[in-house]
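**Q** okay, here's the prediction I keep looking at, along with the sequence it came from:
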Amino acid sequence: MSELTYRIEEESVDAVIVGGGPAGLAAAVELYKKGIRNLIILEREKQLGGILRQCIHDGFGLTRFGTTLSGPEYAQRFIDQVKELKIPYLTNTSVLEVSGDKTVTAATSQGIRRFQAKAVILTMGCRERTRGALGIPGERPTGVFTAGVAQAYINLYNRMPAKEVVILGSGDIGMIMARRLTLEGAHVQAVFEIQPYPSGLPRNIEQCLNDYHIPLYLSHTVTAIHGSSRLTGVTVAQVDEHFKPIPGTEQECACDTLILSVGLIPENELSLDAGVLLDERTKGALADEHFQTTIEGIFAAGNVLHVHDLVDFVSLEAEKLAESAALYIQQGSLTPCPIAIRTDRSINHTVPQRISGAAPVRLSLRVSRPQKNCRIVVRQNGAEVASKPMTKAIPAEMIQLTLNPDKLQGTNDLEVSVE
């Protein structure tokens, strides 16, 4: 039998944006405003907006728009701009491959399309850590959901997935779902967190747990799942400082639903295919101050780069990326970034990881553990070049400070720490 060969015509564009969520939409609008008109957004869902479509609670937009919005309202502001500017986009489109030479191959409803771009913008967002990543013993009964899946059931599909609920993990989505499930008539017994401190924002602890008298137990985890066809209960135990269950502390909780809110992971399979190097701490791309990855002309922003606490920061970061990407498309190069940013154990990570030292840079970081009455300090050759006093610093909140080039001396590494 003869082998059939299909030739796919390449379409030349200035920029391909992979992902039509808050980062991709913001980047597209800003690129257009900077004069980059030959671009396209590729989105795998049937609508633009990303995860915000199912986030019907308010609290979005205060930083970016100066008013409080729901998730769909926040996304719609950017969608309206994309449509008003007539920026091309494809929905129901799965990107199959991003290559190091900035070729993007996608499966669309009209067939396979291939784009040769001057710049590729990665804005795929993040995904939830599942039960499989936790290794909790037990069968695989119905009733074990990630917080985002439970949120989609209620807010997108009008389906009530639970009556008697236990939540593992104090991530923001999990706490928001504790409130949402309570409002819909479910009984949320408790939220259990393996860390000795909460994983989510203080405002969500107050508004989603305390206001509804839902208890939060720190240094606890689920050690077993019970049930065959439907979940019938879980075993919960206290953990020691090494996160190992303490014998004799086990308690049984009868429930029909377990909600997992145990962390988010950047969606970087396409980044890896392109040869982009990842930061082992953020699980996102290593990026310089231009939000350019280790592959020239491939940029990343938003939750695919590092998980944010506020969507406003996602959009602002993507807009900053678009400024640099526009310059790269127009000029063919960007300022080199020879200065590496390193941390000690008190800092979980920073973004960016490299800077040029030629322009002011907004540094985003998270501390490794809660701190009080401290300072975030940046040093070069032992000399302090930037600092930020903090009444409290917690891992759940992203901290930002500005690095000014006039304080830097040469291209030696910067060291970030908590003092």
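**A** Sure, I can see it.
**Q** specify the beta-bridge partners of Lys388.
**A** Residues in a beta bridge with Lys388, per DSSP bridges, are Ile376.
**Q** I figured Ile200 hits Gly174, correct?
**A** No Ile there; residue 200 is Gly. Yes - using CB atoms under 8 Å, Gly200 is in contact with Gly174, at 7.3 Å. C-betas here are computed from N, CA, C, even on glycine.
**Q** could you list the low-confidence segments of the protein?
**A** 1-6 (pLDDT under 70).
**Q** can you show me the helices along it?
**A** Ranges of helices within the chain are 22-33, 71-84, 131-134, 147-155, 172-183, 202-204, 269-273, 311-331, based on DSSP state H.
**Q** CA atoms only for stretch 210-222, dumped as CSV, please.
**A** Taking C-alpha atoms only, stretch 210-222 is exported to CSV below (Å, rounded to 0.1, in the frame of the first residue of the first chain):
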residue,chain,number,x,y,z
ASN,A,210,-14.7,31.8,59.2
ASP,A,211,-17.9,33.5,58.0
TYR,A,212,-19.5,30.1,57.5
HIS,A,213,-18.1,28.5,60.6
ILE,A,214,-16.2,25.9,58.6
PRO,A,215,-13.2,24.7,60.7
LEU,A,216,-9.6,24.6,59.3
TYR,A,217,-7.3,22.0,60.7
LEU,A,218,-3.6,22.6,60.1
SER,A,219,-1.0,19.8,60.1
HIS,A,220,-3.6,17.2,59.0
THR,A,221,-4.1,15.1,55.9
VAL,A,222,-6.3,12.4,54.4
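**Q** any buried residues in that stretch, and which?
**A** Across stretch 210-222, burial judged by 16 or more other CB atoms under 10 Å covers Ile214, Leu216, Leu218, Ser219, His220, Thr221, Val222.
**Q** among those, which one lies nearest to Ile295?
**A** Checking the buried residues of stretch 210-222 against Ile295 with CB to CB, the nearest one is Thr221 at 38.6 Å.
**Q** which non-adjacent residue is nearest that closest one?
**A** Ile194 (4.4 Å; CB to CB, 6 or more residues apart in numbering).
**Q** do the same with Ile225
**A** Among residues not flanking Ile225 along the chain, Gly138 sits closest, at 3.1 Å (CB to CB, 6+ apart).
**Q** ok, back up a step: and the helices of the chain, which is most packed in?
**A** helix 22-33 (a mean of 27; mean count of other CB atoms under 10 Å).
**Q** tell me the angle that one makes with helix 71-84.
**A** Calculated by axes from the mean of the first three to the mean of the last three CA atoms, to 10 degrees, helix 22-33 forms an angle of 30 degrees with helix 71-84.
**Q** please enumerate residues in contact with helix 22-33?
**A** Residues outside helix 22-33 that contact it (CB atoms under 8 Å, 6 or more residues apart in numbering) are 15, 17-18, 39, 41, 43, 48-50, 52, 74-75, 78-79, 81-82, 85, 87, 89, 121, 123, 125, 301-304, 311, 314-319, 321-323, 325-326.
**Q** stretch 64-78 too?
**A** Contacts for stretch 64-78 (CB under 8 Å, 6+ apart): 21-22, 25-26, 29, 48-62, 311-312, 315-316.
**Q** residue nearest the centroid of the protein?
**A** Asn303 (2.6 Å; CA atoms, centre = their mean).
**Q** so who does the spatially closest residue to that residue that is not a sequence neighbour touch?
**A** Leaving out its chain neighbours, the residue that sits closest to Asn303 by CB to CB, 6+ apart is Cys126, at 4.0 Å. Applying CB under 8 Å, 6+ apart to Cys126 gives the contacts Leu264, Ile265, Pro266, Glu267, Asn303, Val304, Val307.
**Q** let me know the closest of these to Leu277.
**A** Pro266 (13.2 Å).
**Q** so the closest one touches Lys283, yeah?
**A** Yes - counting by CB under 8 Å, Pro266 does reach Lys283; the two are 5.1 Å apart.
**Q** give me the more crowded residue out of these two.
**A** Pro266 (24 against 19; other CB atoms under 10 Å).
**Q** in the sheet, who's paired with that one?
**A** With DSSP bridges as the rule, Pro266 is bridged to Cys126.
**Q** ok, it to Ala301 distance?
**A** Distance, Pro266 to Ala301, using CB to CB, to the nearest Å: 11 Å.
**Q** try Leu39
**A** 15 Å.
**Q** how about Gln238: what's its closest non-neighbour residue?
**A** Thr249 (4.0 Å).
**Q** quick one: residues contacting Asn268.
**A** Here Asn268 is in contact with Met124, Val276, Leu278, Lys283, Gly284, Ala285, Val304 (CB under 8 Å, 6+ apart).
**Q** the second one contacts Ile295, correct?
**A** Meaning Val276. Yes - between Val276 and Ile295 there is a contact at 5.4 Å, judged by CB under 8 Å.
**Q** quick one: the strands in the stretch 1-150 of the chain?
**A** Per DSSP state E, counting those that start in this stretch, the stretch 1-150 of the chain carries strands over the ranges 10-18, 39-42, 89-90, 94-98, 103-108, 111-122, 126-128, 144-146.
**Q** okay if I get the ones you listed as CSV plus distance to Glu397?
**A** Shown next, in CSV, are these (distance: least, CB to CB, whole Å):
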stretch, distance to Glu397
strand 10-18, 28
strand 39-42, 30
strand 89-90, 33
strand 94-98, 32
strand 103-108, 35
strand 111-122, 25
strand 126-128, 17
strand 144-146, 23
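**Q** quick one, which of the ones you listed is nearest to Asn381?
**A** strand 111-122 (34.1 Å).
**Q** much appreciated, bye for now.
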